[in-house]
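# the sequence isn't on hand, but the structure is:
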């Protein structure tokens with residue numbers, strides 16, 4: 001269970017996103033970070049039993065840093081107003097591989113959500129995933145139409161940049177062409193802020209991750225030679 005200060009801290013940080021405030025509240029951050037790492041470790045320990053491809057990462061390797069990279073951004077706020085982790089296939093936290101993600105943020109900063117799948121795969125990976133879906137359509141449909149999957153991810157995939165037409169090399173009249181129009185195959189589940197300090201947090205998170213397990217395994221199979 002996370003300490004009670006997690007959401008108050010990130011909300012206060014959202015309102016006071018400057019180095020002076022952060023330094024004054026550094027002990028609060030260290031306490032939040034410690035609890036979040038403990039939570040991450042529990043999730044790692046349980047998920048590697050179901051998904052050995054995750055390896056044995058340390059929680060510090062999965063948790064994202066609080067510091068923003070402002071070098072090439074017009075947004076110069078120095079800190080992220082959220083805490084998050086990504087337990088990635090291969091054990092190395094990086095964009096473009098399937099895994100399990102959690103983010104806790106104020107509603108004004110995207111909110112709290114968790115789930116699985118793949119975000120921003122590169123060209124070869126995306127092509128491999130689309131090809132796997134095309135040749136194993138029934139298997140893919142059975143995953144995303146599963147009752148448990150739909151209960152956790154009723155909105156389908158979270159994809160801010162889907163294609164408006166069929167990807168190159170595929171017939172636009174194919175009955176399942178919309179399955180190939182995604183650039184991201186993420187399944188995300190929004191949660192209430194109250195969950196963050198709930199005794200049910202760990203069990204709830206793991207149940208959500210289990211619902212995305214088969215999607216991740218399908219993507220892992222598609223990217224077998226690329227991971």
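On my side now, so go ahead. Treat the numbers as computed from the prediction; the structure is a model and nothing was measured. Numbering: from 1, shown residues only.
# contacts only, for residue 67.
78, 79, 80 (Cβ atoms under 8 Å, 6 or more residues apart in numbering). All C-beta atoms are positioned from the backbone trio N, CA, C, and that covers glycine.
# need the strands for the chain, in chain order.
Under the criterion DSSP state E, the chain contains strands at 83-88, 99-104, 112-118, 185-191.
# now the angle from the last one to strand 112-118?
Using axes from the mean of the first three to the mean of the last three Cα atoms, to 10 degrees, one finds that strand 185-191 and strand 112-118 are set 160 degrees apart in direction.
# helices and strands around strand 185-191, which ones?
strand 112-118, helix 147-152, helix 201-222 (3 or more Cβ pairs under 8 Å, 6 or more residues apart in numbering; DSSP states H and E).
# any chance of TSV for those, columns mean pLDDT, distance to residue 164 and mean neighbour count?
Listed next are the helices and strands packed on strand 185-191 as TSV, based on pLDDT from 0 to 100; distance: least, Cβ to Cβ, whole Å; neighbours: other Cβ atoms under 10 Å:
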stretch	mean pLDDT	distance to residue 164	mean neighbour count
strand 112-118	98	21	24
helix 147-152	97	25	13
helix 201-222	98	23	20
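# closest one to residue 170 among these?
Residue 170 lies closest, by Cβ to Cβ, to one member of the helices and strands packed on strand 185-191: helix 201-222, at 15.2 Å.
# about what we covered before: which of the contacts of residue 67 count as buried?
Buried members of the contacts of residue 67, scored by 16 or more other Cβ atoms under 10 Å, are 79, 80.
# kindly reformat the contacts of residue 67 as JSON lines containing distance to residue 29 and pLDDT.
Converted to JSON lines, the contacts of residue 67 look like this (distance: Cβ to Cβ, whole Å; pLDDT from 0 to 100):
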{"residue": "78", "distance to residue 29": "13", "pLDDT": "96"}
{"residue": "79", "distance to residue 29": "9", "pLDDT": "97"}
{"residue": "80", "distance to residue 29": "11", "pLDDT": "96"}
